[in-house]
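Participant: Sequence and computational prediction follow.
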Amino acid sequence: MSFQFQEVFPAERTAAINVAIETAFGGAKLEDVNLLTGGLSTAPVYKLTVDNRPYVMKLDVLHVAATVDLSEKVALAAQAGIAPALLYRNVESGITISDFVENKPIRSIFTGEVLADRLAGAVKKIHAVPYTIPGDDLKATIDHILTGFRQTNILSGEIPDECLRRYAEVREIYPWQDTDKVFSHNDLNPSNILCDGQDIWVIDWNTAFVNDRYVDLAGVANFFIHMPEQEAVFLKAYFGDELDEYKKARFYVMRQISRIIYALMMLHLAAKAKPADYKHDQDVAGVLLRDVGPAIGAGKLSLATYEGQFMYGKALMHEAVQQMRTARFEASLAMLKG
C-alpha cells in the first residue's frame with residue numbers, strides 16, 4: 001500500500017490493513033481509497049479500487065472485534081448468497097474485505113408485488129443462515145430503549161403518552177418467549193438493502209443474531225410494503241402454505257413494535273444532537289410519515305442531523321399510534337391473546 005493511502009486509515013491499524021490488502025489482492029495495485037459515509041455505524045467503511053474493480057473494507061471497533069467474531073456472520077451470509085462475496089476476514093484485527101455492490105434504487109428495479117416477492121425471498125435467505133448465537137432478550141432490549149427515551153425528556157403529550165400506554169398493553173400480550181427463532185439481521189432499513197439491478201444484497205451484519213423472525217419481516221414491510229396487495233404477496237411468498245390468521249396478526253402487531261423501536265432510537269439520537277438552548281417542538285399530530293419519509297428519500301431531511309432524527313422519530317411514533325387505533329390492531333391483539 002502506497003504512503004498516500006496510509007494517511008487515509010487510522011494510524012494504529014495501518015499494519016493490519018496492509019496485511020489484509022496484501023492477503024486479499026496479492027501484488028495487485030491499490031488505485032484509490034474513499035471513506036464511505038451515510039450509515040449510523042461507528043465502524044469505518046472504505047471503498048477500495050484494485051485493478052479498476054471496487055471492493056469494500058470494513059474496520060470493526062477493535063474491542064468489539066476482539067470479543068465477538070463479527071465476521072462469522074458476514075461469512076455465513078455471503079455463503080448463503082445474501083451478503084456480498086467475502087474476500088478477507090480476520091477476527092483479531094476486525095477487518096473484512098468484500099465485493100462492492102454498485103447499488104441501484106431497488107424501487108426502480110422492482111415495483112409493487114414483484115418487489116414484495118423479492119424482498120420476502122431475501123428475508124427467507126437470511127433466516128436460513130445456520131447461525132445459532134442468540135442476542136439480548138427482545139422485550140428487555142425494548143424496556144432499556146424506553147428507559148432511555150424517558151430520561152431524555154425530549155417528547156411528551158397526548159400522542160407519546162398514548163403510544164407508550166398502548167405498547168404497555170402489547171408488552172403483556174406479545175409471545176416474547178416463543179422458541180421459534182431464526183438468524184435475523186435486525187436492521188433491514190433501506191441503507192442496508194442493496195440491489196445491483198438483478199439481485200438483492202444485504203450489508204451491515206453487526207446487529208445480526210438469532211431472534212424473532214417477525215422483527216425482520218416487520219422491518220422490511222415498514223420500509224417497503226405499503227399496500228394490502230403487496231402485504232398479501234409478501235407474507236404468502238415468505239410463509240407459503242403455512243400462512244394463517246395468527247401469523248398475519250403477529251406480523252401486524254410487530255410492525256407497530258418495530259415502528260416504536262425505530263421512533264425511540266431516532267428520538268434518542270435527536271436528544272444527543274440537539275443544539276444547545278434549542279427547545280424541542282412538541283407537536284406530533286402534525287407530523288406524518290407520508291410526508292417525512294419522502295423528504296428523507298429526496299435528501300431534504302437527513303437522518304444524520306438533529307432535525308431529521310427528530311422529525312422521523314415523531315412521524316414513526318404518530319404512525320404507530322394511528323395503526324394501533326385500528327380495528328385490525330385490536331383484532332390482532334385478541335388473536336395473540338387467545
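Facilitator: Received it, and whenever you're ready, just let me know what you need. Numbers count the residues shown, from 1 in each chain.

Participant: okay, CA-based contacts and neighbour counts for the rest of this
Facilitator: Noted.

Participant: quick one: low-confidence parts of this structure?
Facilitator: Within the chain, the segments meeting pLDDT under 70 span 1-6, 37-41, 63-68.

Participant: Show me where it has its strands.
Facilitator: Taking DSSP state E, the strands of the chain run over residues 30-36, 45-50, 53-59, 86-90, 95-99, 181-184, 193-195, 200-202, 209-212.

Participant: Given the second one, what are its sheet partners and their directions?
Facilitator: It refers to strand 45-50. Using DSSP bridges, strand 45-50 pairs in its sheet with strand 30-36 (antiparallel), strand 53-59 (antiparallel).

Participant: quick one: that strand to chain centroid distance?
Facilitator: 22 Å (C-alpha atoms, centre = their mean, to the nearest Å).

Participant: Over to the fourth one?
Facilitator: Relative to the centre of its chain, strand 86-90 is centred 22 Å away, using C-alpha atoms, centre = their mean.

Participant: what are the pairing partners of it, and which direction each?
Facilitator: Its sheet considered, strand 86-90 pairs with strand 95-99 (antiparallel) by DSSP bridges.

Participant: Please work out which of the strands paired with strand 45-50 is packed deepest.
Facilitator: Neighbour counts (mean count of other C-alpha atoms under 10 Å) averaged over each of these peak at strand 53-59, with a mean of 19.

Participant: Mark out where each domain of the chain begins and ends.
Facilitator: The chain resolves into domains spanning 3-99, 106-337 when parsed by automatic domain parsing.

Participant: Give the closest residue to Glu113 in space, chain neighbours not counted.
Facilitator: The shortest distance from Glu113 to any non-neighbouring residue, by C-alpha to C-alpha, 6 or more residues apart in numbering, is to Gln230 (5.0 Å).

Participant: what sits against the one you found?
Facilitator: Neighbouring residues of Gln230 by C-alpha atoms under 8 Å, 6 or more residues apart in numbering: 112-113, 116.

Participant: top of these by neighbour count?
Facilitator: Most neighbours among these, by other C-alpha atoms under 10 Å: Ala116, with 26 neighbours.

Participant: burial count for the residue nearest to that one when sequence neighbours are not counted?
Facilitator: Setting aside the residues directly before and after it, Ala116 is nearest to Phe234 in space (C-alpha to C-alpha, 6+ apart), at 4.8 Å. Neighbour count for Phe234, taken as other C-alpha under 10 Å: 25.

Participant: Span of stretch 291-303 from start to end?
Facilitator: 15 Å (C-alpha to C-alpha, to the nearest Å).

Participant: Residues contacting that stretch, please?
Facilitator: 307-309, 311-312, 315.

Participant: Can you add distance to Lys47 and give the strands paired with strand 45-50 back as a markdown table?
Facilitator: Output for the strands paired with strand 45-50, formatted as a markdown table (distance: least, C-alpha to C-alpha, whole Å):
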| stretch | distance to Lys47 |
| --- | --- |
| strand 30-36 | 5 |
| strand 53-59 | 5 |
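
Participant: Nearest to Asp180, out of the ones you listed?
Facilitator: The closest of the strands paired with strand 45-50 to Asp180 is strand 53-59. By C-alpha to C-alpha, the value is 32.0 Å.

Participant: can you map out the helices along the stretch 151-300 of the chain?
Facilitator: Counting by DSSP state H, counting those that start in this stretch, the stretch 151-300 of the chain has helices at residues 158-173, 213-224, 228-239, 245-273, 289-297.

Participant: dump the residue contacts of Thr23.
Facilitator: Residues counted as contacts of Thr23 (C-alpha under 8 Å, 6+ apart) are Tyr88.

Participant: Relative to Pro10, how far out is it?
Facilitator: Thr23 is 19 Å from Pro10, where distance means C-alpha to C-alpha.

Participant: quick one: Arg310 and Met265 touch, right?
Facilitator: Actually, residue 310 is Phe rather than Arg. No: contact criterion C-alpha atoms under 8 Å: Phe310 and Met265 do not qualify, at 9.9 Å.

Participant: Those two: which has the busier surroundings?
Facilitator: Legend: neighbour count by other C-alpha under 10 Å for Phe310 and Met265, higher for Phe310 (26 against 19).

Participant: Please name the residues that touch that one.
Facilitator: 266-267, 270.
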